[in-house]
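Participant: Got a predicted model here, sequence first, then my questions.
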Amino acid sequence: MTAATPQLVVHRDKELMAQAAAARLITRIVDAQAARGTASVVLTGGRNGNALLAAIAASPARDAVDWARLDLWWGDERFLLSGDPERNAVQARAELLDAVALDPARVHEMPASDGVDGSDVDAAAARYAQELAKAAGPGDRAGVPAFDVLLLGVGPDTHVASLFPEHPGVRETELTVIGVRGAPKPPPTRISLTLPAIRNAREVWLLAAGEDKAGAVAVALSGPGELQAPASGAHGTGRTLWLLDRAAASQLPPQLYPPASA
Ligand SMILES: O=C1O[C@H](COP(=O)(O)O)[C@@H](O)[C@H](O)[C@H]1O
């Protein structure tokens with residue numbers, strides 16, 4: 001088994017999945033901070049990512065994290081005005097970030113469409129790529145830091161971050177961050193990490209809960225390839241973890257279903 005081999009954990013329902021993922025993430029951050037003084041996490045938008053943040057906010061164990069020594073990045077963003085409630089960063093702040101003592105200099109939101117680059121999404125993406133490159137160490141591959149954990153919600157069409165099936169972004173091999181136009185899920189204009197950037201994370205955790213994700217999970221784990229199923233191209237250098245609930249795992253072929261959850 002390699003680091004790219006998906007490890008699956010199936011929870012009873014989406015509430016338990018969010019709580020268990022929250023406990024897992026708190027532990028991972030605390031461990032990284034104990035080992036190196038700091039930790040870095042890439043956040044995802046979407047229902048499962050937001051539920052995880054809400055579960056951390058509700059957990060007494062959140063106080064074990066030194067929030068001021070945590071770097072937060074985003075895997076993608078909807079390219080909208082800075083206060084727009086549909087922005088992933090605005091939702092993350094409402095679910096958790098406003099409730100913990102983060103260092104604002106370590107909260108690396110992706111640019112908004114009223115930022116210094118205005119509505120030029122490519123310039124905004126290039127700016128975020130520069131910010132990542134500045135944070136990358138000499139040993140880091142691909143011009144991005146080796147994030148401790150990179151979270152990805154899996155869309156019902158197998159998209160991750162803002163990399164959609166058969167879209168140009170999923171073919172990107174050079175850039176770490178791209179502007180996305182014509183996304184099939186609104187809003188059409190977005191910013192996204194690319195698969196090469198995602199694959200520099202130590203751990204990639206893919207989150208999927210609910211029946212509407214069952215087809216996507218089964219397809220992505222059955223190996224059609226990342227062009228057709230971007231989620232299947234997301235893996236970490238140390239671990240690739242799929243955190244599911246039973247509904248999202250319900251169409252998995254029996255040989256993929258983890259024995260402990262049968
Ligand atoms: O638009 C987005 O959708 C995906 C998946 O969201 P979900 O609600 O179907 O779980 C999310 O991962 C991404 O960050 C977001 O921009």
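Facilitator: Right, received. Where do you want to start?

Participant: Quick check: A68 touching D103?
Facilitator: Yes. Between A68 and D103 there is a contact at 4.7 Å, judged by CB atoms under 8 Å. Using the backbone N, CA and C atoms, a C-beta is placed for each residue, glycine as well.

Participant: Check the contact between G155 and T44; I expect there is one.
Facilitator: No. Counting by CB under 8 Å, G155 stays clear of T44, with 10.4 Å between them.

Participant: The closest residue to the ligand within the chain and E77: what is the separation?
Facilitator: Per CB to the nearest ligand atom, the residue of the chain with the smallest distance to the ligand is G46, at 2.3 Å. For G46, the distance to E77 (CB to CB, to the nearest Å) stands at 12 Å.

Participant: what residues are shared contacts of these two?
Facilitator: Common contacts of G46 and E77, defined by CB atoms under 8 Å, 6 or more residues apart in numbering, comprise N88.

Participant: Tell me which of these two has more neighbours.
Facilitator: E77 (28 against 21; other CB atoms under 10 Å).

Participant: what sits against the more buried one?
Facilitator: 45, 87-89, 109-112, 162, 190-192 are the contacts of E77 under CB under 8 Å, 6+ apart.

Participant: which of those residues has the most neighbours?
Facilitator: S192 (31 neighbours).

Participant: Just to check, it is in contact with S162?
Facilitator: Yes. At 3.6 Å, S192 counts as touching S162 under the criterion of CB under 8 Å.

Participant: Common neighbours of those two, please.
Facilitator: Common neighbours of S192 and S162 (CB under 8 Å, 6+ apart) are 76-77, 169, 180.

Participant: still on that earlier bit, the residue of the chain closest to the ligand contacts G155, doesn't it?
Facilitator: Yes. With contact defined as CB under 8 Å, G46 and G155 form a contacting pair (7.3 Å).

Participant: Run a quick neighbour tally on P196.
Facilitator: Using other CB under 10 Å, P196 has 17 other residues around it.

Participant: interface residues of the stretch 1-150 of the chain facing the ligand?
Facilitator: Neighbours of the ligand within the stretch 1-150 of the chain, by CB under 6 Å from any ligand atom: 44-49, 76, 78, 88.

Participant: Quick check: pLDDT value at A4.
Facilitator: With respect to pLDDT, A4 scores 79.

Participant: correct me, but it touches H235?
Facilitator: Yes. The criterion here is CB under 8 Å, and A4 meets it with H235 at 4.0 Å.

Participant: out of the two, which sits in the more crowded spot?
Facilitator: Remark: of A4 and H235, H235 carries more neighbours, 23 against 15, as counted by other CB under 10 Å.

Participant: Give me the distance between the more buried one and R12.
Facilitator: In terms of CB to CB, H235 sits 26 Å off from R12.

Participant: Equivalent analysis for D31, please.
Facilitator: D31 sits at a distance of 26 Å from R12 (criterion: CB to CB).

Participant: what's the answer for G155, then?
Facilitator: 23 Å.

Participant: between these two, which one's more packed in?
Facilitator: G155 (22 against 12).

Participant: Report pLDDT for that one.
Facilitator: pLDDT for G155: 98.

Participant: How about the contacts made by it?
Facilitator: 46, 164, 185, 216.

Participant: Which among the residues you listed count as buried?
Facilitator: Neighbour-count burial (16 or more other CB atoms under 10 Å) applied to these gives 46, 164, 216.

Participant: Closest one of the residues you listed to A209?
Facilitator: Taking CB to CB as the measure, A209 lies nearest G46 of the buried ones among the contacts of G155, at 10.3 Å.

Participant: Looks like A126 contacts T176 (just checking).
Facilitator: No. With contacts counted by CB under 8 Å, A126 stays clear of T176, the gap being 9.8 Å.

Participant: In terms of neighbours, single out the busier of these two.
Facilitator: Using other CB under 10 Å, the more surrounded residue of A126 and T176 is T176, with 23 against 19.
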